[in-house]
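Colleague: after the sequence you'll find the predicted model.
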Amino acid sequence: ARRKAPIQPAKPRVLIYSRDIGERTEEEKETDWKMITAAKVGEHTFLALVTINGNIATMSVMLRLNQPSSPSPIATPETSRPASEEKPDLYCVMANMNSVKCAAGCANLNNSLLVCGGYDRAECLKCVEVYNPETNLWDTLASMKEARGRFDIAVVNGKVYAIGGSNGTTELSTVEMYDPQAKKWSHITSLPLARCNIGVCDLNNKIYCIGGWNGQVGIKQCDVLDPETGTWSSIILLNEAGRYQAGVCSMDGLVFAAGGCDAWNCLSSVEVYDPQTNMWTFAKGMITARRGCGLAFFNGKLYSVGGSDGSHSLCSTEIYDPVEKTWTPGPNMTTARANVGVAVIGSRCTQLEDSQARHS
């Protein structure tokens, strides 16, 4: 009897989602190819030897990519995808990062995916990687001055700002700036209050830092950095009593803080900050309470990606329509994951950081 090929250990994966994949024409799909042989190398993965237009190549085939891998015990029928979906929602596997990591800073830098720091098996990292979607390759940039995880980054006027986080022992107030021209990091004015699990986004060339964890409790404090002057100022407090691990993103001149945790419960609530009025108001809550989700503005809507419901990491996503003011289920990721980094590169929304190996 033929022996089964052993299932290989899970590797760090980066997924890219694009509806364009499901919209190719039949004419574009016509290629002279033939399969020579195939072998199963994983639970849902096959490796095939094929000929394509007279050339021999190997092909990796993954089945049922959108099947949930970790159902939530509090899932409801609302979180299931409609059976009458007209177009398939597909993910493509990108090149692996150079190292496994979670809770890293993630952003778009000059149409490339920048990933800074994070955790690797409880060790904080200072390394920086950048992904080029044109070549499907990762490159290494100058490391940060400090190792930090559970933080986030923002890009304003071509420069990268790494804010707060934790070094594995204590929460950080330090802030670093990366200048791509000089190819080096430098410290700038520190946060008014040390914190990790902070929500960060840019709006109108300023950087908003929302909530976080001060080492003892979740906090309501929100601060704004003006990179031009290098000064911090505080804005009105969040309404929710101490929100950390929230997904934070700007859209239509507003700052959105979705989900997170209040130290006891995962949150589904969403708050919206208007810089014109200096007020936080509640928007429609998400379908599923989640902390450590990624939040991104994509094709005129907000995408909430992954996270944890307090018991399980999630592979589900939700999409917020600012016109209808409603959340609807989005395409499931291939792997449940929390502490997700999300960035939009061109016409694609990219998610990374599989944290299952180190977080329950």
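Modeller: Sure, I can see it. Keep in mind it's a predicted model, so treat the numbers as computed, not measured.
Colleague: what's in contact with the helix or strand harbouring residue 200?
Modeller: Per DSSP states H and E: residue 200 is located in strand 199-203. With contacts defined as C-beta atoms under 8 Å, 6 or more residues apart in numbering, strand 199-203 is touched by 105, 151-156, 163, 207-212, 243, 246-250, 253-255, 257, 260, 275. Every residue, glycine included, has its C-beta placed from N, CA and C.
Colleague: I'd like the average pLDDT over it.
Modeller: Mean pLDDT, strand 199-203: 98.
Colleague: returning to that earlier point: filter the contacts of strand 199-203 down to the buried ones, ChimeraX style.
Modeller: Buried members of the contacts of strand 199-203, defined by 16 or more other C-beta atoms under 10 Å, are picked up in ChimeraX with:
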select :105,151,152,153,154,155,156,163,207,208,209,210,211,212,243,246,247,248,249,250,254,255,257,260,275
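Colleague: can you name the residues that contact residue 272?
Modeller: 254, 255, 256, 257, 280, 281, 282, 283.
Colleague: list just the nearest of those residues to residue 100.
Modeller: Lowest distance from residue 100 to these (C-beta to C-beta) belongs to residue 257, with 28.3 Å.
Colleague: the closest one bridge partners, please.
Modeller: residue 248, residue 271 (DSSP bridges).
Colleague: pretty sure it is touching residue 248, no?
Modeller: Yes. Counting by C-beta atoms under 8 Å, residue 248 is a contact partner of residue 257 at 5.2 Å.
Colleague: quick one, grab the pLDDT at the closest residue to residue 245 other than its chain neighbours.
Modeller: Once flanking residues are discounted, residue 245 sits nearest to residue 291: 4.1 Å by C-beta to C-beta, 6 or more residues apart in numbering. pLDDT for residue 291: 97.
Colleague: surely residue 291 and residue 258 touch.
Modeller: No. Contact criterion C-beta under 8 Å: residue 291 and residue 258 do not qualify, at 10.2 Å.
Colleague: find residues that contact each of these two.
Modeller: Residues touching both residue 291 and residue 258 by C-beta under 8 Å, 6+ apart: residue 246.
Colleague: what's the weakest-modelled helix or strand in the chain?
Modeller: The helix or strand of the chain with the poorest confidence is strand 15-17; it has a mean of 47 (mean pLDDT, DSSP states H and E).
Colleague: mind checking pLDDT for residue 353?
Modeller: On the pLDDT scale, residue 353 gets 50.
Colleague: do the same with residue 94
Modeller: Per-residue pLDDT puts residue 94 at 81.
Colleague: wait, isn't it in contact with residue 135?
Modeller: No. Residue 94 lies out of contact with residue 135 (C-beta under 8 Å); the separation is 11.0 Å.
Colleague: of those two, give the one with the bigger neighbour count.
Modeller: The neighbour comparison of residue 94 against residue 135 (other C-beta atoms under 10 Å) goes to residue 94, with 19 against 10.
Colleague: hang on, the earlier thing: what bridges to the residue nearest to residue 245?
Modeller: For residue 291, the beta-bridge partners are residue 308 (DSSP bridges).
Colleague: which residues touch it?
Modeller: Residue 291 sits in contact with 244, 245, 246, 259, 260, 261, 266, 267, 307, 308, 310, 338, where contact means C-beta under 8 Å, 6+ apart.
Colleague: just the ones of those residues in helices?
Modeller: Judged by DSSP state H, helices contain none of those.
Colleague: relative to residue 49, which of the residues you listed is nearest.
Modeller: residue 338 (37.3 Å).
Colleague: what about the closest one, distance to residue 174?
Modeller: Using C-beta to C-beta, to the nearest Å, residue 338 is found at 25 Å from residue 174.
Colleague: coming back round to it: with pLDDT added, can I get the contacts of residue 272 in TSV?
Modeller: Shown next, in TSV, are these (pLDDT from 0 to 100):
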residue	pLDDT
254	99
255	99
256	99
257	99
280	98
281	98
282	98
283	98
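Colleague: reformat the residues you listed as a markdown table; add distance to residue 35 and secondary structure.
Modeller: Below are the contacts of residue 272 laid out as a markdown table (distance: C-beta to C-beta, whole Å; DSSP: H, G, I helix; E, B strand; the rest coil):
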| residue | distance to residue 35 | secondary structure |
| --- | --- | --- |
| 254 | 51 | strand |
| 255 | 51 | strand |
| 256 | 47 | strand |
| 257 | 49 | strand |
| 280 | 57 | strand |
| 281 | 57 | strand |
| 282 | 54 | strand |
| 283 | 50 | strand |
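Colleague: any chance of those in TSV, plus distance to residue 314?
Modeller: As requested, those are exported to TSV (distance: C-beta to C-beta, whole Å):
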residue	distance to residue 314
254	25
255	23
256	19
257	18
280	25
281	26
282	22
283	20
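Colleague: just the closest of these to residue 142, please.
Modeller: Nearest to residue 142 out of the contacts of residue 272 is residue 255 (C-beta to C-beta; 29.8 Å).
Colleague: excluding chain neighbours, what is closest to the closest one?
Modeller: Nearest one to residue 255, counting by C-beta to C-beta, 6+ apart, is residue 273 at 4.1 Å.
Colleague: the one you found: which element?
Modeller: Per DSSP H and E: residue 273 is located in strand 270-274.
Colleague: tilt between that strand and strand 254-258?
Modeller: 160 degrees (axes from the mean of the first three to the mean of the last three C-alpha atoms, to 10 degrees).
Colleague: roughly how far is strand 270-274 from the heart of the chain?
Modeller: Relative to its chain's centre, strand 270-274 lies at 20 Å (C-alpha atoms, centre = their mean, to the nearest Å).
Colleague: pLDDT averaged over it - what is it?
Modeller: 99.
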